[in-house]
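> 3D model of this:
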Amino acid sequence: MASQVVIQTEKLTKVYSGGKPALEDLSLTVAPGEIFGYLGPNGAGKTTTIRLLLDLIRPTSGRAAIFGLDTIAQSVAIRQRIGFLPGELNLWDRLTAREIVNYMGNLRGGVNTAYVNELAERLNFDLTKRMRTYSTGNKRKLGLILALMHKPDLLILDEPSSGLDPLMQQTFNQLMLEAKANGQTVFLSSHVLNEVQAICDRVGILRDGKLQAVETVERLTRVDFRKVTLKFRDAVSPLLVSSVAGVSKVSAEGANVLSLQLAGDFDPLLKAVSSAYVQDILVETPTLEDIFLTFYGGQPANNHREKVMS
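Predicted structure coming up:
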């Protein structure tokens, strides 16, 4: 496997006993210095992928490498260069956060106390309390401090902003952008679409254990469809536009407003409504959430991929 990429998988597959594949034929690369968003709902296979990368579980078939090192044969060397935030953080309930930070830091050869204090201040986190007293959000903050404090080459974060309030979400985003500016690579799984759109360079979309598409956020948000709302002077039927080429997802919002999704040119739509008096047209560029829904909106995944990737 090529060493110029940070993460590379080849047909990585995991089948748990008696079940269908949790992950199937994942072939993926993550480049140095990028923030890669791994997007999908719960159960799509995101956490399974992360556990395979960290050698917490073994693949049924396929292989993976990080920094050009095999994730099974050279897992110890890999972990020395990684900061990891699991989906659920289970640590010693009786220890304070400071004691946990010092213990984990000493395992790595020392603690940069000034940087830990800076992270705690930015995250509005009190290091003096015992682990058992923290809320879910504060446990995420401690997990972020533990992942970031040694400034690793690669951050692997499983749903990192879960439980964070909107202000802390902004702080998290800034920390990730700073990590990128410092040359670090970030691989984060998420179902928070705004988070992914705000900070990620590329996105992989996972569905039922299969990778559906990998694209830049910029390109994904320039896909060939728009949300269109038409306001008419008089009452109209959705049948007026439902058979127009490129039009889908037509719905009526009151007697004289139609909303729809349009792929391709406007001309067929304009001709179809030319017999009615149009008061207003609102055209919206799709957000990443709209695009995500096209992958989970009831049509075969391959059809969606052709539309998004074309």
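
> pLDDT averaged over the longest helix seen in the chain - what is it?
Secondary structure assigned by DSSP state H gives helix 166-181 as the longest helix of the chain. Average pLDDT, helix 166-181: 92.

> go on, stretch 212-224?
76.

> so which residues of the stretch 101-250 of the chain form strands?
154-158, 185-190, 202-207, 210-216, 226-232, 247-252 (DSSP state E, counting those that start in this stretch).

> between these, which one is nearest to residue 267?
Each of these was scored for nearness to residue 267 using Cβ to Cβ, and the closest is strand 247-252 (12.1 Å). In this view, the C-beta of every residue, glycine as well, is placed from N, C-alpha and C.

> list of residues touching that closest one?
Residues outside strand 247-252 that contact it (Cβ atoms under 8 Å, 6 or more residues apart in numbering) are 237-238, 241-242, 258-263, 268-269.

> nearest to residue 202 among these?
For those, the nearest to residue 202 is residue 263 (23.1 Å; Cβ to Cβ).

> and the pLDDT at the closest one?
For residue 263, pLDDT reads 82.

> now do residue 307
You'll see residue 307 listed with a pLDDT of 30.

> separation between residue 238 and residue 257?
11 Å (Cβ to Cβ, to the nearest Å).

> contacting residues around stretch 131-140?
By Cβ under 8 Å, 6+ apart, stretch 131-140 touches 85, 89, 91-97, 100, 125-126, 142, 160-165, 168.

> how about stretch 97-107?
For stretch 97-107, using Cβ under 8 Å, 6+ apart, the contacting residues are 91-92, 95, 111-112, 116, 125-129, 131, 134, 142, 145-146, 149-150.

> quick revisit: show me the contacts of stretch 131-140 that map onto helices.
97, 100, 142, 168.

> max pairwise distance over those residues: which two?
Taking Cβ to Cβ, the two most distant members of those are 100 and 168; they sit 19.5 Å apart.

> any of the contacts of stretch 131-140 buried? List them.
Among those, those scoring as buried are 85, 89, 91, 96-97, 100, 125, 142, 160-162, 164, 168 (criterion: 16 or more other Cβ atoms under 10 Å).

> got the domain ranges for the protein?
Domain ranges of the chain: 7-220, 226-285, per automatic domain parsing.

> quick check: which of the ones you listed is buried the most?
domain 7-220 (a mean of 18; mean count of other Cβ atoms under 10 Å).

> can you tell me the distance between the two ends of that domain?
Taking Cα to Cα, to the nearest Å as the measure, domain 7-220 stretches 22 Å from start to finish.

> quick check: pLDDT value at residue 205.
86.

> oh, that last question was meant for residue 227, not what I typed.
Predicted confidence (pLDDT) for residue 227: 87.

> show me what contacts residue 115?
149, 151.

> check the gap between it and residue 178 for me.
Distance from residue 115 to residue 178, by Cβ to Cβ: 12 Å.

> again with residue 201
15 Å.

> cool, and residue 21?
37 Å.

> with adjacent residues omitted, what lies nearest to residue 245?
Leaving aside its sequence neighbours, residue 245 sits nearest to residue 268 (Cβ to Cβ, 6 or more residues apart in numbering; 4.9 Å).
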